[in-house]
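>>> Task: produce atomic coordinates for the following.
(one chain, ligands or ions: 1)
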Amino acid sequence: MSIRLFNTLTREIEEFQPLEPGRVRMYTCGPTVYNHAHIGNFRAYVFEDLLQRHLEFRGFTVERVMNLTDVDDKTIRGCRAAGVPLAEFTRPFKQAFFEDLEALRIRRDARFPEATEDVHIARMIEMIATLIERGHAYRADDGSVYFRIGSFPKYGQLAHIHLEDLKPSGRVSSDEYEKEQIGDFALWKAWTEADGEVFWESPWGRGRPGWHIECSAMATGLLGPQLDLHCGGEDNIFPHHEAEIAQSECVTGLPFVRLWMHCRHLLVDGKKMAKSEGNFFTFRDLNAKGWTGREVRYALLAVKYREPLNFTFESLPAARKAISRFDEWSQRLEETAGGLAEMLPEALDPEKFGAALDDDLNISALGALFDLIRDSNRLFDQGELSPGQAKSLLAWRDRINTILALEPDVEGIPDDVRDLAAKRAIARANKDWAASDALRDEMLALGWQVKDTKDEQKLVRKS
Ligand SMILES: [Zn+2]
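The predicted model follows:
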């Protein structure tokens, strides 16, 4: 069974084959930690989670990186307004992001590099130096370094635009003033007063990296020069991903990404989310209204990633209803299953679910699941489903649930234990095993045992 995915670069559905058989190198653009991520951001992260889980379901090993942008115009503006150092300003948003991932059941066995880590800043500087050396970049009079898009004929290939279309708009803002060509983008931004304490030393003087080079450096630094998959929201296509291709390929000389995938926008009540429209929601906003992480996850998952998702407040009750059908069916299976697993009756086709996802992550897989729930319930009612068949269905449910993650929340976990678990998830993501062990002991002292699986921690009451 092959997996076919839509490639933004070729605008075609392609059979997916990683460079190295069985092993997928996947990079996804993560949040800019200047506020809480909104549900539109999480739509992209849930789609990427679905992709990772389905690839693993089909037997691939997925090596995944998601960056945290913790230095850019927005984070600097935020820390200046708050009057605190940059790292202090971004820390709570980083923590909140990991808590939200946990709540939305997005897998965390990925690497989450932060742009301001020394090793990544050093790589950015190294890449910029190479680009200058090879004539792909130049230092302008203001001290900033720009990528020369005219030096990379393929520029525009991902977004399918031509260089000639990048005409000056008439209004030339100050940061564009020094450029040779209007589309040239900053690799290194020279320090200005507005940056305050935020700067790094470089061969071009004090400054900070541009957003695009952050991703190129972290992606190639952690996954190597060639990636199998690179994902993001559709708003990342231009200029961000276009710039990533140009920078990376001019440094490595190799094709950067085999297959690009982008998730469409999320709209709320048919409109673009905007604070001024009063239709802007973070996961926390929905959670405060009583919607759980699993319900929001389902609502974000239920529309195919290449279609715009119009989020309405009817989506959530529908998600709740679907989940309760799943729960009731699961319970019925658990109560009935017994003996040796037996072949499923012909009326039930468990292969449809995975086959739908193989087809460019077609979420009609959920339709296949609920058809199977309906049909197996009918067989139950007619007394035509044996305990052995129920056992086989239960095993199948467990298998597809590695993709959907629809299991019920464990009830009654106190808030302080949840907080510790969220902190431990971060410690684990950062591979800080000492902190992780200390937090496990703290939870144990509060009466909760934590069981680690490959990608998550499960809490059970101490027996
Ligand atoms: Zn990026």
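
>>> correct me, but residue 78 touches residue 88?
No: using C-beta atoms under 8 Å, residue 78 is not in contact with residue 88, being 10.8 Å away. (Glycine included, C-beta is placed from N, CA and C.)

>>> List the buried residues for the helix ranked longest in the chain?
In the chain, assigned by DSSP state H, the helix with the most residues is helix 315-336. Across helix 315-336, burial judged by 16 or more other C-beta atoms under 10 Å covers 315-316, 319-320, 322-323, 326, 329-330, 332-333, 336.

>>> related to what we said a few turns ago, between residue 78 and residue 88, who's got more neighbours?
residue 78 (19 against 11; other C-beta atoms under 10 Å).

>>> which residues does residue 262 contact?
Residue 262 makes contacts with 8, 231-234, 236-237, as judged by C-beta atoms under 8 Å, 6 or more residues apart in numbering.

>>> what sits against the nearest residue to it once chain neighbours are set aside?
Residue nearest to residue 262 in three dimensions, not counting chain neighbours: residue 234, with 4.5 Å by C-beta to C-beta, 6 or more residues apart in numbering. Contacts for residue 234 (C-beta under 8 Å, 6+ apart) come out as 262-265.

>>> can you narrow the residues you listed to ones near the ion?
Cross-checking these against the ion (C-beta under 5 Å from the ion) gives no overlapping residues.

>>> from these, which single one is nearest the ion?
When those are compared for distance to the ion (C-beta to the ion), residue 262 wins out at 11.8 Å.

>>> Show me the strands in the stretch 101-250 of the chain, by range?
For the stretch 101-250 of the chain, the strands defined by DSSP state E, counting those that start in this stretch occupy 137-139, 145-147, 185-190, 207-209, 227-233.

>>> and the ones you listed, which is most packed in?
Neighbour counts averaged per stretch over those are highest for strand 145-147, at a mean of 27; criterion: mean count of other C-beta atoms under 10 Å.

>>> can you give me how far stretch 113-120 is from the chain middle?
Centroid displacement of stretch 113-120 relative to its chain, using C-alpha atoms, centre = their mean, to the nearest Å, is 18 Å.

>>> Run a quick neighbour tally on the nearest residue to residue 245 once chain neighbours are set aside.
Closest residue in space to residue 245, ignoring its immediate chain neighbours: residue 256 at 5.2 Å, by C-beta to C-beta, 6+ apart. By the criterion of other C-beta under 10 Å, residue 256 has 23 neighbours.

>>> Kindly state the pLDDT recorded for residue 256?
pLDDT recorded at residue 256 is 98.

>>> Listing request: residues of the stretch 51-200 of the chain with sub-threshold pLDDT.
167-178 (pLDDT under 70).

>>> Helices of that one, residue ranges please.
Using DSSP state H, counting those that start in this stretch, the helices of the stretch 51-200 of the chain run over 73-82, 86-103, 118-133.

>>> got the angle between the longest one and helix 73-82?
The reference is to helix 86-103. With axes from the mean of the first three to the mean of the last three C-alpha atoms, to 10 degrees defining the directions, helix 86-103 sits at 120 degrees from helix 73-82.

>>> Tell me who's in contact with residue 8.
Counted by C-beta under 8 Å, 6+ apart, residue 8 has contacts 158, 237, 260-262.

>>> returning to what we had before: can you pick out the most distant pair from the buried residues of helix 315-336?
Using C-beta to C-beta, the buried residues of helix 315-336 reach their maximum pairwise distance at 315 and 336, which is 32.0 Å.

>>> Just give the nearest non-adjacent residue to residue 123, would you?
Per C-beta to C-beta, 6+ apart, closest to residue 123 is residue 217, 4.2 Å.

>>> my read: that neighbour touches residue 128, true?
No: the criterion here is C-beta under 8 Å, and residue 217 misses it with residue 128 at 9.1 Å.

>>> overlap in contacts of the two?
residue 209.

>>> Look up the pLDDT of residue 459 for me, please.
For residue 459, the predicted pLDDT is 82.

>>> Contacts made by the host helix or strand of it with the rest, please.
If you go by DSSP states H and E, residue 459 is part of strand 457-461. The contact list for strand 457-461, computed with C-beta under 8 Å, 6+ apart, reads 410, 413, 417, 421, 424-425, 428, 443, 447-452.

>>> can you pull the contacts of the residue in the stretch 151-300 of the chain positioned nearest to the ion?
Ranked by C-beta to the ion, the top residue of the stretch 151-300 of the chain for proximity to the ion is residue 215, at 3.2 Å. By C-beta under 8 Å, 6+ apart, residue 215 lies in contact with 27, 29, 67, 240, 244.

>>> so which of these are also by the ion?
Applying C-beta under 5 Å from the ion to these, those adjacent to the ion are residue 29.

>>> Output the contacts of residue 215 as CSV; include the columns neighbour count.
Listed next are these as CSV, based on neighbours: other C-beta atoms under 10 Å:
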residue, neighbour count
27, 29
29, 25
67, 23
240, 17
244, 29
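
>>> And for residue 37, the neighbour number?
Residue 37: 21 neighbours (other C-beta under 10 Å).

>>> Leaving out chain neighbours, which residue sits closest to it?
residue 31 (4.7 Å).

>>> That neighbour and the ion: what is the separation?
Distance, residue 31 to the ion, using C-beta to the ion, to the nearest Å: 10 Å.

>>> tally of neighbours for the closest residue to residue 66 other than its chain neighbours?
Leaving out its chain neighbours, the residue that sits closest to residue 66 by C-beta to C-beta, 6+ apart is residue 30, at 4.1 Å. Here the number of neighbours of residue 30 (other C-beta under 10 Å) works out to 26.

>>> I'd like the distance from the helix or strand harbouring residue 26 to the chain centre, please.
In this assignment (DSSP H and E), residue 26 forms part of strand 23-28. With C-alpha atoms, centre = their mean as the basis, strand 23-28 stands 12 Å off its chain's centre.

>>> name the helices or strands packed onto it?
helix 39-57, strand 61-66, helix 211-223, strand 227-233 (3 or more C-beta pairs under 8 Å, 6 or more residues apart in numbering; DSSP states H and E).

>>> Residue 189: which of these is closest?
helix 211-223 (9.6 Å).

>>> Show me which residues of the closest one are buried.
211-223.

>>> circling back to that earlier point, pipe the helices and strands packed on strand 23-28 into TSV and attach distance to residue 110 per row.
Converted to TSV, those look like this (distance: least, C-beta to C-beta, whole Å):
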stretch	distance to residue 110
helix 39-57	8
strand 61-66	4
helix 211-223	10
strand 227-233	12
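
>>> Good, we can wrap up now.
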